[in-house]
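Undergrad: how would this look folded up:
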Amino acid sequence: MKSHRSRNRVEKDRVRDGDPAAPGLYATARFCVIFLALIGLFSFLTSSSWLAPILHERLTGLIARLSASMLALFGEATASGHYLTFNGFPASIEGSCDGVQPTYIYLAAVLAFPSRWRDKGWGILVGIPAVFLINFLRVATMMLFGAFWPSLFEWTHLYGWQVLVIILTMGVWIFWAERFVRPRNQAAS
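TA: This next block holds a predicted model:
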């Protein structure tokens, strides 16, 4: 018969060792603290005066060029810097539209989740491109709405895609946890 103290130590060891099956409030609290700390760190770094201009300018320009290439299949599209025009509808892709924020929230969730570093690596390798693809599709479809259904552009921009980005990014995280983390834990049980 194990003492209560011994059982708690085993649970803490399981959490420390990255066992996502470790029960209890400790694992949840640990995840929340690490998750929030990482979001704070990433937010600070991506808005810093030395990183933000480089990161956001390059990403918004890349998204504008990629979107123009895809939108050219449906009409006249041009990109200049972070400005994008499609069939006469102009838009400026700003730093808040470059997908950095949902990406670092996803990254914080992967890094905070109790799993092996190898599993976290897969989460980063699979998830970050997926989140940027989601954002790229968001920009391209919003340009389609702006050019063909301008009355729906503001709603799509402010509400529709905001919700979809959150849902799809969570879906990528759940996919990672189910595909790369859970099978190992089930095999270990």
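Undergrad: I'd assumed Ala79 was in contact with Pro90.
TA: No: here Pro90 lies out of contact with Ala79, judged by C-beta atoms under 8 Å, at a distance of 11.0 Å. For the C-beta atoms, the positions are set from N, CA and C on the backbone; glycine is no exception.
Undergrad: what about stretch 164-178, average pLDDT?
TA: Stretch 164-178 carries an average pLDDT of 93.
Undergrad: Send over the helix or strand Met70 falls within as CSV, restricted to the C-alpha atoms.
TA: Following DSSP states H and E, one finds Met70 within helix 52-71. The C-alpha coordinates for helix 52-71 follow below in CSV (Å, rounded to 0.1, in the frame of the first residue of the first chain):
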residue,chain,number,x,y,z
ALA,A,52,8.5,43.4,-35.4
PRO,A,53,9.4,45.5,-38.4
ILE,A,54,11.4,42.7,-40.0
LEU,A,55,9.0,39.9,-39.2
HIS,A,56,5.7,41.7,-40.1
GLU,A,57,7.0,43.5,-43.2
ARG,A,58,8.4,40.3,-44.7
LEU,A,59,5.4,38.2,-43.9
THR,A,60,2.8,40.8,-45.1
GLY,A,61,4.8,41.2,-48.3
LEU,A,62,5.0,37.4,-48.8
ILE,A,63,1.3,37.0,-48.2
ALA,A,64,0.5,39.8,-50.6
ARG,A,65,2.6,38.2,-53.4
LEU,A,66,1.3,34.7,-52.8
SER,A,67,-2.3,35.9,-52.7
ALA,A,68,-1.8,37.9,-55.9
SER,A,69,-0.5,34.7,-57.6
MET,A,70,-3.5,32.7,-56.5
LEU,A,71,-6.0,35.5,-57.2
